[in-house]
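Engineer: Can you look at this prediction? I've put the sequence above it.
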Amino acid sequence: MADGARADELLWGGRLQVKEVLGRGGFGTAYVAENLLDGRIVCLKVVECTDDRTLEDALHEPRMHARLEHPNIARYYDAFLEERQD
């Protein structure tokens, strides 16, 4: 994977294992990942934040998604910040 996470990379303190790319957009890359604690398959969106403005924009989406509850909208579970050690 050219940008974002790598296949089989562990994120979120080793709790999520990236499986494959789900899609790419202008704001980030979405992956299929497995929660290694409970076995759930989740969608993980990785956004590269290069400055405070990008970070604020990135945090806006999970804050809004957390308020939504509808059977036709994917359920929001969590968000986290992680510094990359590339």
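Structural biologist: Yep, it's here.

Engineer: Please, where are all the strands along the protein?
Structural biologist: Using DSSP state E, the strands found in the chain span residues 10-11, 16-24, 29-35, 41-46.

Engineer: among the ones you listed, where is the model least confident on average?
Structural biologist: If these are sorted by mean pLDDT, strand 10-11 sits at the bottom with a mean of 72.

Engineer: Please name every helix or strand in contact with that strand.
Structural biologist: strand 16-24 (3 or more Cβ pairs under 8 Å, 6 or more residues apart in numbering; DSSP states H and E). All C-beta atoms are positioned from the backbone trio N, CA, C, and that covers glycine.

Engineer: returning to that earlier point: okay, the strands of the chain, which one's buried deepest?
Structural biologist: Counting by mean count of other Cβ atoms under 10 Å, strand 29-35 has the highest mean neighbour count of the strands of the chain, with a mean of 19.

Engineer: chain center to that one: distance?
Structural biologist: Computed by Cα atoms, centre = their mean, to the nearest Å, the chain-centroid distance of strand 29-35 equals 7 Å.

Engineer: Strand 41-46 and that strand, what's the angle between them?
Structural biologist: 140 degrees (axes from the mean of the first three to the mean of the last three Cα atoms, to 10 degrees).

Engineer: Which neighbours in the sheet does strand 29-35 have, and how are they oriented?
Structural biologist: strand 16-24 (antiparallel), strand 41-46 (antiparallel) (DSSP bridges).

Engineer: quick one: furthest residue from the center of this protein?
Structural biologist: Residue farthest from the centre of the chain, counting by Cα atoms, centre = their mean, is Pro71 at 20.8 Å.

Engineer: Now distance to Arg53 too, for the strands of the chain, in CSV please.
Structural biologist: Output for those, formatted as CSV (distance: least, Cβ to Cβ, whole Å):
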stretch, distance to Arg53
strand 10-11, 23
strand 16-24, 21
strand 29-35, 20
strand 41-46, 18
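
Engineer: got any ranges where this structure has weak pLDDT?
Structural biologist: Applying pLDDT under 70 to the chain flags residues 1-8, 84-86.

Engineer: related to what we said a few turns ago, put together JSON lines for the strands paired with strand 29-35, with distance to Pro62 on each row.
Structural biologist: Converted to JSON lines, the strands paired with strand 29-35 look like this (distance: least, Cβ to Cβ, whole Å):
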{"stretch": "strand 16-24", "distance to Pro62": "15"}
{"stretch": "strand 41-46", "distance to Pro62": "9"}
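
Engineer: Kind regards, and thank you for your time.
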